[in-house]
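Engineer: with the input below, show me the fold.
(4 chains)
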Protein chains: 4
Amino acid sequence: MKTATEYIDSLRRRNLDLWIDGERVDNPVDHHMIRPSIESVAMTYRLAHLDETVRLATAHSELTGTRVNRFTHLFASPDDLVDKVSLQRILGQATGTCFQRCVGMDALNALFIATWEAGPEKHERFVKWLTEVQVSDEMLCGAMTDAKGHRRKRAAEQPDAFLRIVERRADGIVVRGAKLHQTGGANAHQILVLPGGTYREGEEDFALAAAVRADAPGVTMLLGRQPSDKRRGSPDAGNFTFGGQEVVVWFEDVFIPTEHVFLDGDVTAAATVLTAFAGFHRSSYGGCKPGNFDVLTGAVAQLAEDCGVSRHAAVRDKLIEMTHLTETIHGLGLAASHKSTQHVSGVWQVDPLLANVCKQNVTRLPYEITRIAEDLAGGLLATMPGLGSFDHPKLGAIMNNITGGKRRAKLMRLVEYMTYGSGAVPLRIECMHGAGSPQAQRIVIERTADWTGRMASARKLAGLE
Amino acid sequence: MKTATEYIDSLRRRNLDLWIDGERVDNPVDHHMIRPSIESVAMTYRLAHLDETVRLATAHSELTGTRVNRFTHLFASPDDLVDKVSLQRILGQATGTCFQRCVGMDALNALFIATWEAGPEKHERFVKWLTEVQVSDEMLCGAMTDAKGHRRKRAAEQPDAFLRIVERRADGIVVRGAKLHQTGGANAHQILVLPGGTYREGEEDFALAAAVRADAPGVTMLLGRQPSDKRRGSPDAGNFTFGGQEVVVWFEDVFIPTEHVFLDGDVTAAATVLTAFAGFHRSSYGGCKPGNFDVLTGAVAQLAEDCGVSRHAAVRDKLIEMTHLTETIHGLGLAASHKSTQHVSGVWQVDPLLANVCKQNVTRLPYEITRIAEDLAGGLLATMPGLGSFDHPKLGAIMNNITGGKRRAKLMRLVEYMTYGSGAVPLRIECMHGAGSPQAQRIVIERTADWTGRMASARKLAGLE
Amino acid sequence: MKTATEYIDSLRRRNLDLWIDGERVDNPVDHHMIRPSIESVAMTYRLAHLDETVRLATAHSELTGTRVNRFTHLFASPDDLVDKVSLQRILGQATGTCFQRCVGMDALNALFIATWEAGPEKHERFVKWLTEVQVSDEMLCGAMTDAKGHRRKRAAEQPDAFLRIVERRADGIVVRGAKLHQTGGANAHQILVLPGGTYREGEEDFALAAAVRADAPGVTMLLGRQPSDKRRGSPDAGNFTFGGQEVVVWFEDVFIPTEHVFLDGDVTAAATVLTAFAGFHRSSYGGCKPGNFDVLTGAVAQLAEDCGVSRHAAVRDKLIEMTHLTETIHGLGLAASHKSTQHVSGVWQVDPLLANVCKQNVTRLPYEITRIAEDLAGGLLATMPGLGSFDHPKLGAIMNNITGGKRRAKLMRLVEYMTYGSGAVPLRIECMHGAGSPQAQRIVIERTADWTGRMASARKLAGLE
Amino acid sequence: MKTATEYIDSLRRRNLDLWIDGERVDNPVDHHMIRPSIESVAMTYRLAHLDETVRLATAHSELTGTRVNRFTHLFASPDDLVDKVSLQRILGQATGTCFQRCVGMDALNALFIATWEAGPEKHERFVKWLTEVQVSDEMLCGAMTDAKGHRRKRAAEQPDAFLRIVERRADGIVVRGAKLHQTGGANAHQILVLPGGTYREGEEDFALAAAVRADAPGVTMLLGRQPSDKRRGSPDAGNFTFGGQEVVVWFEDVFIPTEHVFLDGDVTAAATVLTAFAGFHRSSYGGCKPGNFDVLTGAVAQLAEDCGVSRHAAVRDKLIEMTHLTETIHGLGLAASHKSTQHVSGVWQVDPLLANVCKQNVTRLPYEITRIAEDLAGGLLATMPGLGSFDHPKLGAIMNNITGGKRRAKLMRLVEYMTYGSGAVPLRIECMHGAGSPQAQRIVIERTADWTGRMASARKLAGLE
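Structural biologist: Predicted coordinates for the structure are as follows:
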């Protein structure tokens, strides 16, 4: 298994075509806007080598017969799914942001199931590739969402709005189109392309799953901009070490050799990817986000203690509420994992109802948690001058006067970062739209709930049966 | 194990001193206000003999070496705690109300732990009694809450406000005082008296746990009144078969023989009872209440279907929301069970943080669930004439005109019953105050959360360490 | 203007055909289930003769040239609409429930506008009748909601589900059908029939407004049942003096003379009634309900004070929250009134957007208010034995022990009454469905909001225009 | 009255000592981080000269006998307070952010009242100054909040944490200390210093109100940093024209001549300032914020329309909810204004209970409004590359593919700006803490509610009196 250092070094060997605001990035690894997001991913490698986390951060693979990094592991038991959520919480605490490697893990498990359903040829091809990934311990970016264009048109009416196969050759396929919201895309070794919607007969060109090197010819990445992202590396960064990252990935007629094509035209198996991935990834939010909120709660708890109000009833009540909401999310992530069932392929799947209920709460409770954090932090959160001012003799004295010192100022910046700066991307928008927007969860909740049984219970108790 | 019929018959052999509104009840078993609550308890006996539920409703006892009713069982594994919650949900669906036997189950597990801490003599005494209970399969009422009087005075200042030992004899003790909110008290064989608060040195007389026959001399019960409770057995009952029940139990110098005294003056072990019971019982609400809400959701779903609006987007969205909130509660009950740890005595204990988070949600989400139910049911919920009117020739025609028939009228009455009639006691007030009022959970949440770790994470990410 | 006593006496002179549960009521005025609701209406007469309320409770009528009871008054200025809301709050405080006379007041104002639009003949006919009502000071029941039957069928497909004209004679019309949810119907002198929906060409028989004596031949009333309604007049009544009331009114081929027919077949004017009434009545909830919640807040505040917890931070915070939510509703009722505009007929109309926003909040905030009340009241709310027990020597002592005395017990019963007993009908279901269910308000909010302007502002600030 | 251009020109004549991140700003008027906030203030001048807004944006002054800009006007009637809120909404729509001039307006009204209470000398001095301000039409910054330091220490224990008088001279006073959160401070002509807390005997040096030129010797300003504030003027600005601003103001022994000192040591009058200002300013939020939310709602409505989902039930429902919450806030701002009462000095004061209820809702509902906006905008909100990419030939094509064009991209950036970018300062943190944090409002709500009356109503209805 790679160490954190080996991971970072390996990134340097890629020849990425990455752009920020119309300018090409020559050295992404050392770019101040990108490096923090690399450090977050690196933490998933680091924990695999620390005594206190090695059990959670690694797992025994049946494919390699060795321990592998959990982020490349197949869910072989309910405990694996529980351990995933527990590990995610620790990583959420350690980075305070998105560590970007969950999509790949959840995606490879979904593809294991879907390729099994697609037949032995595709499944063996996928297992062979996966075994290599476990050995090389590469970082995968899971690429699902297409551009989609006009929402009332289907893919075939606006082909450019969806990634699709434009040519089938003897030794592989050629694909074209964009994938959005690629978490950690610029920090990955490979992109695991997945179908982004459900397709019908006649739309086989869109029913596509495959692995592509991040620096394959024709792959272009555009870095997504985040509020305050240019503050990274400055005294006002908030979170000094870590960050999240999303990129747009454009595939300009990219060739993919057959051995890395896992689904091609099988619309049924493509739908399975979608459902299976949604379940896994919606419960993942029950791990990472509570870890992030632990940091936010800790920050405002520390601020309260530092200025002498930590024993006020109203302050305590608000800190308790943040905790209550955080644990509500985490408990549901755990419950969905515990209540998992085994797919015939061998992989264990979370309970779909509870996974969607978990994620649905993630589209709501974080907004109340951050609201309380902004309440507890106080108004200086929004009006504090730049921390660079501390270094100026006269201004430094003023800064000390108004903040009570750099410690409070830095904690305040961390809260700003997490609630409405760069870190709000993982704490708000990812919570809302990651793994599917709220309406997507409501659809699954409606489909998986037992309406017949509940109506029968009611009729019976009303004396009707 | 007793059958439901044997249970009901056995109740007839008691000589209860039970009163309703100042009048003594001669035959509680056949009293129309009480019988529905007996039927609810009886369901816990019935499921132990049905093929489809026997696995959940019974368990193997290490004490007797046989299968026993789960409601007399010690939690011997995390699965036992999960099975408890699953069984409670089924019972909640089957009765639509409180089935009253959980307090006893959770209490005997708490006492097992507390007597273990109190030493071998007390523990063996308790185990002997518990073994008999498992064999006889008796219904226990767990008696915890005292009258409490003025909230700023301690027990010693107002002794009558708390159950206490007034005399210690060679062969036993004499107790005096009241226990409130005794769920299913009139349907029990025995009352398991527990300490209702934490006590200090000098307050040993209040640190008391013991078993008392429900019809022991000096025990008087007053039936708690519920809205619409006199409608039971009438066409407007709502829930025709089942009901809940609480009584006040007054102990007028009641003698308890030594072999049934499990704690006497041990203030430390008494505090253990409180904490252990709170954990168990707060996660129990993650089972029974979701079952009740399944019925309520089913009722309004059926009403919507019957009057042709079940496919309206707004209706579907509200039904989804009821489901989402119900599963949020249930998932947390499961999570608290799964994350249990083993006490040195052998009994497994739920995760205290998640159990309290579960119950805290139970003090909130049910109010939103019932709000939506009242929305979906429509205004007739509040203005419908008595169903007896259906039997009158002229009025019957009017009733059919306005309700569309008796089926809709009965379902509407069920919704009324559950939201603001007799059934609102378990669906609202029990949710609020059962197993401790909301502030009690907030205290535990504050105590069990890891403040130090979270503040350290925040300081680290802010660049302070 | 009638005094309260004159009002009650006048009710005795009616020959009502009123039924409870299939039994005819001979003397409604003295019936224990009905009298409390009469006392509530009587308060609207009483305040018109008290020095401290006469200004609000009466108004100068341009029709009679004298002061009249405000409940028969046309809204002649924004201040009239504000005074209405202020008077409603006082009446809500004085009765703790629904005083039933607002529907008539809001309906006659809506009809004034609609008949004006229907042409001078209908308008003069209506004004003549209204002048008589102002002089006689009669209680009007406004009858709007039809049975409606299957929601996907129109009125013409299921004529019995809607009140309609079945015969047109030279001297009047004959109507048939049911009106539901008739607030205070059994306490009224006249029923003001209004159209209950919007109708198209071909549905003219349903576009009907007229005045009918409450005891006209063919009019039958069925009393709506409420939880605990049989407790009225007993020690457990909760609210000892006052109550609400709804009836179903059945019109069995009832003849209405032409001079009391105000709309007949004019589908446009019928739609005006609906819109105008909805505006008036939705802002009315900004008056009465806050008055009711004042009582509920006062009850739990008193309970907290009596048992010594009124200075606890958590208790204070909850009482503040109840107040905050109550005033939110009231402020919106006031705002809708202040922002009124004058209809060409002379009557002032509330701001439709704010009136609907007011009512939409009324479908939500009361549920949180009652939730907090149930929290503060404590568990005894649900488990307290009947207050009749106080009169029994032995049980009385027990009751005193557990409740701390009759005062606390009575306040607790009042809270029970208001939250999930008989009084929950006005405090919950009326809040939800009265003056239209929540979706009805959302439709008006969507229609009255300025979408074009807001989208233009956004485009402009985004640099697009 | 100044035109917008005259206002901007006048700012150039100041000699401000303004700093950003340790660097002095030579020309604030043309600085890209500051100019947008100047444009927002300028809008308050512009509307005073437009036909369609002149009535609201100006008012007749009794002091000058002429029309003056409303932002320098005394509230001479309830209509003035209503007009203020209506004007604020228009300005909120026109700028999409904070236009910074309300604090000064609310502060001068509070000082009019407080100086009246402090006696004729102070009052006349203040009126003389105010008359000059009305004539010169200067922009005032109202400076209230002190640094405060440790929250459990009083001002006297940590004098540097509060602005105070350090010297009293024959011709004036010398003050020292910091004022935080100075809205629009760098865009003002004068700073109106106000007491930031309530003081006791012995703390007279802190009970201080006075007017200071923004560029008086010894006044130093530090610009508060906002997320993404450096994007201003770039393609990713979001709001291209307007912005908000807060500064820290440091008073380094600043001399203030006697004619500009309005309160000096009068702790009673100082407390009046606080109370009066809080009332005025808390209802102001019922004007400006709804205007801002109109823009946000318009932006997501436009986005929904552009991508073809605007008729989906879930989308419509969410847009309705945003409107409902926005109007709830606005209605309460209007209600507090309508229900105003006249102070003996002649100025009208808003209803304190409703003003605080308005602001309390402003600390909550905006968080739900922005949550919905983030839901409706979609995930691209967080992952969109910089808009500069549109100008690059290859990247521009990709950008068009993923966004559907620059129009959608710009609207998305506006939503980002308003929800978690620079514009989130006025839409979230100002909503939370401006005019006092949430606990401050709860205290006033508790103090102004009628507890005695409500408890009496409850006792009466419970049959106790």
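Engineer: C-alpha only now, for contacts and for neighbours.
Structural biologist: Will do.
Engineer: wait, A:L464 touches B:R407, no?
Structural biologist: Yes - between A:L464 and B:R407 there is a contact at 6.8 Å, judged by CA atoms under 8 Å.
Engineer: shared neighbours of the two, anything?
Structural biologist: Between them, A:L464 and B:R407 share no contacting residue under CA atoms under 8 Å, 6 or more residues apart in numbering or on different chains.
Engineer: what pLDDT is listed against A:P159?
Structural biologist: Note on A:P159: pLDDT of 87.
Engineer: now swap in the one 5 residues further on and tell me
Structural biologist: Predicted confidence (pLDDT) at A:R164: the value is 97.
Engineer: which residue comes closest to it once chain neighbours are left out?
Structural biologist: A:F206 (4.6 Å; CA to CA, 6 or more residues apart in numbering or on different chains).
Engineer: what's the answer for A:G379, then?
Structural biologist: In space, and not counting its chain neighbours, A:G379 is closest to D:H433: 5.5 Å by CA to CA, 6+ apart.
Engineer: likewise A:I372?
Structural biologist: A:K318 (6.6 Å).
Engineer: interface residues of the stretch 151-300 of chain A facing chain B?
Structural biologist: A:238-242, A:294-299 (CA under 8 Å from any CA of the partner chain).
Engineer: helices - which of those land there?
Structural biologist: Using DSSP state H, the members of those that fall in helices are A:294-299.
Engineer: re earlier: rebuild the residues of the stretch 151-300 of chain A next to chain B as a markdown table, extending it with distance to B:V41 and pLDDT.
Structural biologist: Formatted as a markdown table, these follow (distance: CA to CA, whole Å; pLDDT from 0 to 100):
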| residue | distance to B:V41 | pLDDT |
| --- | --- | --- |
| A:G238 | 57 | 97 |
| A:N239 | 56 | 97 |
| A:F240 | 59 | 91 |
| A:T241 | 59 | 97 |
| A:F242 | 56 | 98 |
| A:D294 | 42 | 98 |
| A:V295 | 46 | 98 |
| A:L296 | 46 | 98 |
| A:T297 | 44 | 98 |
| A:G298 | 46 | 98 |
| A:A299 | 49 | 98 |
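Engineer: tell me if I'm right that the residue nearest to A:G379 and A:A377 touch.
Structural biologist: No - in this structure, D:H433 is not within contact of A:A377 by CA under 8 Å, at 9.9 Å.
Engineer: you'd agree A:T53 is up against A:L47?
Structural biologist: Yes - A:T53 is within contact range of A:L47, at 5.6 Å (criterion: CA under 8 Å).
Engineer: residues near the closest residue to chain B within the stretch 251-400 of chain A, how many?
Structural biologist: Nearest residue of the stretch 251-400 of chain A to chain B (CA to the nearest CA) works out as A:G298 at 3.9 Å. A:G298 sits with 26 neighbouring residues when counted by other CA atoms under 10 Å in any protein chain shown.
Engineer: again with A:E52
Structural biologist: By other CA under 10 Å, 10 other residues sit near A:E52.
Engineer: what sits against it?
Structural biologist: Contacts of A:E52 (CA under 8 Å, 6+ apart): none.
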